[in-house]
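# Starting from these lines, generate the structure:
(3 chains)
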Amino acid sequence: MKSRSEALVAYLMLVPAFLALAIFRFYPIAVTCWGSLCTESFVVAGKQIFVGFANYLDLFQDPIFWKSVWVTIKLNVVINPLQVCLALLLAVMANQRFRGIGFYRLLFFVPIGVSLPIACIVWRIMLDPNSGLIDSILAVAKIPAQPFLINQDQALWCIVAIATWKGASFWMIFLWAGLQDVPREVQEAAKIDGASQVQRFLRITLPLIKRPLLFVLVTDTAVNFLLFVPMFLLTRGGPSYSTNVLMYEAYKTGFVYGEMGKALAIVMVLLALVMVAVVAQFRLFQREQS
Amino acid sequence: MKTFFSAALIHVLYLTVGFLFLLPLWWALASSVRPLNDIFKYVSPFSLAALIPDKITFEAYRSIFFDRGFGIAVFNSLFVALATVLAGLGVNSLAGFAFAVLRFPGRNALFGITVLTFLVPFEAISIPLYTVVRSLGWLDTYLALIVPGVANGIVIFLFRQFFSQVPRELVDAARIDGASWLTIFVRIYLPLSKPVIVSAALLIFLFQWEAFLWPLISTRSEGLKVIQVALAGFEERYRTLWNELFAAATVAALIPLLILLPLQRFYVQGVTAGGFKS
Amino acid sequence: MKALFLPPRASAIVVILCLWSLFLFTVSSHAATTIRWLTLSDGAWPDSVKKVIAAFEAQNPDIKVELDTYPFRDLFETIEVRMKAQDADVDLISVDVPLVASYSVRGYLAPMDEYFSKDDIEKTWVKPSWQAGTYKGSFMAAPQNSSSQFFYINRKLFQQYNVTPPKALEPGKETSYDEIASIAKNDRWTWDQVVDAAKKLTKDTKGDGKIDVWGFEFDQVSRLYQLQCLGESLGGPLVSPDGLKAEGYLNSNEWIKAAQWYSDLFNKWKVSPKNVSPAESPNLFASGKVAMFVGGEWNVPRFQEAGVDFAIAPFPYFSGGKPVTGTGSWHVGIAKASSHKAEAAKFAKFLTEEEQGSKIWFESQGQLPATQVLLTAIENAEKYRSFPNDAYLLGVYEARNTAVFRPVTPGYLQLEDIFFSTFEDIRNGVDPKVALDGAAGRVDRFLAQFK
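Numbers count the residues shown, from 1 in each chain, chains lettered A, B, ... in the order given. As a prediction, this is how the structure comes out:
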């Protein structure tokens, strides 16, 4: 009896969210899946013609598509752990108590307010190989001017740096919130027991912020797999397709070339990749739990 | 001596990080108060003059507010963001609570599809979403801007993660006392969740504040323009109005920061908080 | 039980409301037809457009024209979304001329043959302009204006470093159409001459290893619109005449030669800066850092405002080849899903074909017109004899003699996008032949679907 009423309450609580999600997410996503199996009619604008897996087959034969897959994986294998670790470090730094911490924290928050397009524009100017700020600073240290965004070996990592500038700051907030749930007495007790700062952190603090940490990891992964604004504004997928992530390729195919069906097929592939990553992350944390 | 040295080192570390974070915004701010043709003059070769303007003019700010109606965009973005936050906090926290605390069949499956909703990029669903909103008759209204952003899988996920940290004993004790689930939610969970409520509000706020593609295609009236769309308007085909772009960007960056500033105190542990773990 | 009838005051209000609605209903059924035009929000465009609309509405009181404006980059995205969703709310769209084929093929535009007769079309506009608005024999989009490309010289830098500039239109001199035509025919510089001068004008004035003054720069760097003239000047079109094949055209010997020359500008002779985007390029010339700049005619007012001491010369060409200039701008077309096609066509006619509308547009916006009448008027008017208005005369000459339109192909968007990435790669040092071969292959993969 009790569990049935519990279930009922649960469903009721879920109704508002799921109603909205159904209309504004589930339905469009379903249409997207269907759209990836279609292509556009050349006679009537917007009319779909079912072509089965033709779009996918087309993609799998395109060497640029495979390059995009590789670039996407390369990017994400690096950027996700990097951002989460930095965010954690920043959260710990923000959680300290000393005079002036409030001022520093405010500085840490700054990237959150700056929208990604503006951040990209400003960073691009700073990374200019002709005369940007970064190269000027490197010159002081007698390091030769780097090409940065116009070099196929460096461009992707520059984008990683720019995205991390914003990402580390943003995710820090959630980990900092998580740290608030770690009671100081437990930390103090461990200090008395003689554990080093690092040990205290790894053995006590970290396990206690597992759940927020999982949240940050999963959501950051999702965001980074879908990242394409910096590629769009800074490199257009170049140089030589070295920053051509799947999402940018999908955007270009759909909105610039107008081939929606194929673009949606790319999105489906991307979705599969993200799901693999996310499921792996959930499993990892579940295992560590037990 | 040792403590002074390590304290100084700490400050240097914090300052360096802080400087790195501040630099782009500072440059944008400095550029926004210079005449248009000066902005790129000192970048190549780089000199300190690039960061500290010699000629200060507020022409860009005057222009964006009086000639381009940027004030309307600020109002719209604020209104839409705040409305979404209010509705979103309620809707998503309830769902997060249900997933975290209640037991019911299909819990994992339903949670799974909730996560799925933010794995699909917005650009992919933009056209079907457009047709849905059009058939609701909401195109070119505030409803189109607000409602689709209310239910948010990420925010539900956030609440679920934080709510599941609250010890079960509290719930069991309250249930024995005969409290309804709603009472437990409001009286026990919400007060303990100040940091996550602020984080969730921030998430929803920024989601709307940075929204670009959706407002672009779902509204057309000048009166409904939002900030990111207005910002894009400074990049014309043949030239970019850099000073105005940076002025608008600075305003757009400062507003969320000013809102976040006073909310910081919810994050810092009070004397009472943290006690429930023991 | 509550009273069934409303108190007197409330019922009076209800009655008045009903009567008012009835009144509105009857009035609205005689109201004007409103047509919506999806177009640009850049700069003075909306203001100029509104002037034309005001004149049109004065003559046609039963038609109202409303605007949906977007910045340049977002306009294309929005057109894609709205046309795909078959938005019946849009009647006219601004079509960037090379997209006529693409939009036609995908069913975004309604043919305008019933509103514009063949005779009318040929009489009104210069041939390249109306041809570009036609696809598979149907007239799909009417030319609103055209464009031209000039060779801008920074006089101060030439004087400073003692280099002889080309014969050009200069401030303080009066000139005539015939004089300009003669310069364009006889004294046009070749690209070799440009490079020679550029080498002498690229300087590291501060001695810090960084170049402060550049010899030469393109306006829309690496863009098809800007660079098409390079290969075409050597006699190489970009795609096959039917617009469906790039192999053998994009990577022809002529184009490889042109691409090599382009690469050398940045990598061998180093007279042009890398990593400057099309948006920033004019800023460099406007701040006096570049000696020679090739770009659109729309830069004239902007350089004047910036106070650069500049002259305007005819667009360079490859010696042994022929002079070629880029052209074409915006057209206007009727959206296929529109339910007010006749009214939309009426406005389109007023704006692009009729003397009154097209004249208002030209005088307000100032872009090179596409109609023969206006071009002839410019040729003969007094005000275009002095600098910088005489640039228009040069524009007229080029429009009549050297203008080449962008390739008509339904895969234009893919072609342009791939062209841009390819030439950016070439600019950054990738071997031209390798880059162009790869590009041709990729473009053909896209064009295959249209066969």
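
# How many residues are close by residue 212?
Here I'm looking at chain A. Counted with other CB atoms under 10 Å in any protein chain shown, residues neighbouring residue A:212 total 26. In short, each C-beta sits where N, CA and C put it, glycine included.

# Chain B, not that one
Neighbours of residue B:212 (other CB under 10 Å): 19.

# got a pLDDT number for it?
pLDDT recorded at residue B:212 is 88.

# what do you get for residue B:194?
Confidence for residue B:194, expressed as pLDDT, is 87.

# quick one: it and residue B:264 touch, right?
No - between residue B:194 and residue B:264 there is no contact under CB atoms under 8 Å: 11.4 Å.

# Need the CA coordinates for stretch C:305-317. PDB is fine.
Extracted as PDB, the C-alpha positions of stretch C:305-317 are listed here (Å, rounded to 0.1, in the frame of the first residue of the first chain):
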ATOM      1  CA  GLU C 305      35.800  58.500 -42.900                       C
ATOM      2  CA  ALA C 306      39.000  56.900 -41.500                       C
ATOM      3  CA  GLY C 307      41.000  59.700 -43.100                       C
ATOM      4  CA  VAL C 308      43.300  57.500 -45.300                       C
ATOM      5  CA  ASP C 309      44.900  59.400 -48.200                       C
ATOM      6  CA  PHE C 310      43.900  56.900 -50.900                       C
ATOM      7  CA  ALA C 311      43.500  56.700 -54.700                       C
ATOM      8  CA  ILE C 312      41.400  54.200 -56.700                       C
ATOM      9  CA  ALA C 313      42.800  52.200 -59.600                       C
ATOM     10  CA  PRO C 314      41.400  49.500 -61.800                       C
ATOM     11  CA  PHE C 315      41.500  46.000 -60.500                       C
ATOM     12  CA  PRO C 316      44.700  44.100 -61.500                       C
ATOM     13  CA  TYR C 317      45.000  41.100 -63.800                       C
END
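
# which parts of that stretch are buried?
Using 16 or more other CB atoms under 10 Å in any protein chain shown as the test for burial, stretch C:305-317 gives C:306, C:308, C:310-317.

# and these, which of them are in strands?
Among those, the residues falling in strands (DSSP state E) are C:310-313.

# Now the residue of the stretch 1-150 of chain C found nearest chain A: which helix or strand?
Residue nearest to chain A within the stretch 1-150 of chain C: residue C:107 (3.7 Å; CB to the nearest CB). Under the criterion DSSP states H and E, no helix or strand holds residue C:107.

# Likewise for residue C:227?
With DSSP H and E as the test, residue C:227 turns up in helix C:224-233.

# Let me know the next secondary structure element after that helix.
Sequence order places helix C:253-267 as the next helix or strand after helix C:224-233, per DSSP H and E.

# What does the pLDDT read for residue 6?
Defaulting to chain A. 86.

# Can you look at chain B instead?
pLDDT, read off for residue B:6, is 81.

# Please apply the same query to residue C:444.
Per-residue confidence (pLDDT) for residue C:444: 92.

# residues of the helix or strand containing it that come out buried?
Using DSSP H and E, the element containing residue C:444 is helix C:432-447. Of all the residues in helix C:432-447, those buried under the rule 16+ other CB under 10 Å are C:432, C:435-440, C:442-447.

# how far off helix C:224-233 does that helix point, in degrees?
Computed by axes from the mean of the first three to the mean of the last three CA atoms, to 10 degrees, the angle separating helix C:432-447 from helix C:224-233 equals 110 degrees.

# Give me the residues contacting helix C:432-447.
A:62, A:64, A:257, C:239, C:243-251, C:255-256, C:259-260, C:262-263, C:409-411, C:414-415, C:418-419, C:421-423, C:425-426 (CB atoms under 8 Å, 6 or more residues apart in numbering or on different chains).

# Residue C:83: what's it in contact with?
By CB under 8 Å, 6+ apart, the residues touching residue C:83 are A:45-46, C:90, C:93, C:103, C:106, C:108, C:335-337.

# could I get the helix holding residue C:444 in PDB with only the CA atoms?
Provided in PDB are the C-alpha atoms of helix C:432-447 (Å, rounded to 0.1, in the frame of the first residue of the first chain):
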ATOM      1  CA  PRO C 432      48.300  24.300 -53.800                       C
ATOM      2  CA  LYS C 433      48.000  21.300 -56.100                       C
ATOM      3  CA  VAL C 434      47.300  18.900 -53.200                       C
ATOM      4  CA  ALA C 435      44.800  21.300 -51.700                       C
ATOM      5  CA  LEU C 436      42.900  21.900 -54.900                       C
ATOM      6  CA  ASP C 437      42.800  18.300 -55.900                       C
ATOM      7  CA  GLY C 438      41.300  17.400 -52.500                       C
ATOM      8  CA  ALA C 439      38.900  20.300 -52.800                       C
ATOM      9  CA  ALA C 440      37.700  19.300 -56.300                       C
ATOM     10  CA  GLY C 441      37.100  15.800 -55.100                       C
ATOM     11  CA  ARG C 442      35.100  17.000 -52.200                       C
ATOM     12  CA  VAL C 443      33.000  19.400 -54.200                       C
ATOM     13  CA  ASP C 444      32.100  16.700 -56.700                       C
ATOM     14  CA  ARG C 445      30.900  14.400 -53.900                       C
ATOM     15  CA  PHE C 446      28.400  17.100 -53.100                       C
ATOM     16  CA  LEU C 447      27.500  18.000 -56.700                       C
END
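
# contacting residues around residue B:27?
By CB under 8 Å, 6+ apart, the contact list for residue B:27 reads A:122, A:125-126, B:50-51.

# Alpha carbons only: can I get the helix holding residue C:227 in PDB?
Taking Å, rounded to 0.1, in the frame of the first residue of the first chain, the C-alpha atoms of helix C:224-233 are listed here in PDB:
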ATOM      1  CA  LEU C 224      35.400  32.800 -53.500                       C
ATOM      2  CA  TYR C 225      33.800  36.200 -54.300                       C
ATOM      3  CA  GLN C 226      37.200  37.800 -53.900                       C
ATOM      4  CA  LEU C 227      39.500  35.200 -55.400                       C
ATOM      5  CA  GLN C 228      37.500  34.000 -58.300                       C
ATOM      6  CA  CYS C 229      39.000  36.700 -60.500                       C
ATOM      7  CA  LEU C 230      42.500  35.200 -60.000                       C
ATOM      8  CA  GLY C 231      41.800  31.900 -61.800                       C
ATOM      9  CA  GLU C 232      39.300  33.500 -64.200                       C
ATOM     10  CA  SER C 233      41.900  36.000 -65.300                       C
END
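
# packing partners for that helix?
For helix C:224-233, the elements it packs on are helix C:253-267, strand C:325-326, strand C:403-404, helix C:412-427, judged by 3 or more CB pairs under 8 Å, 6 or more residues apart in numbering or on different chains; DSSP states H and E.

# Alright, that wraps it up for me.
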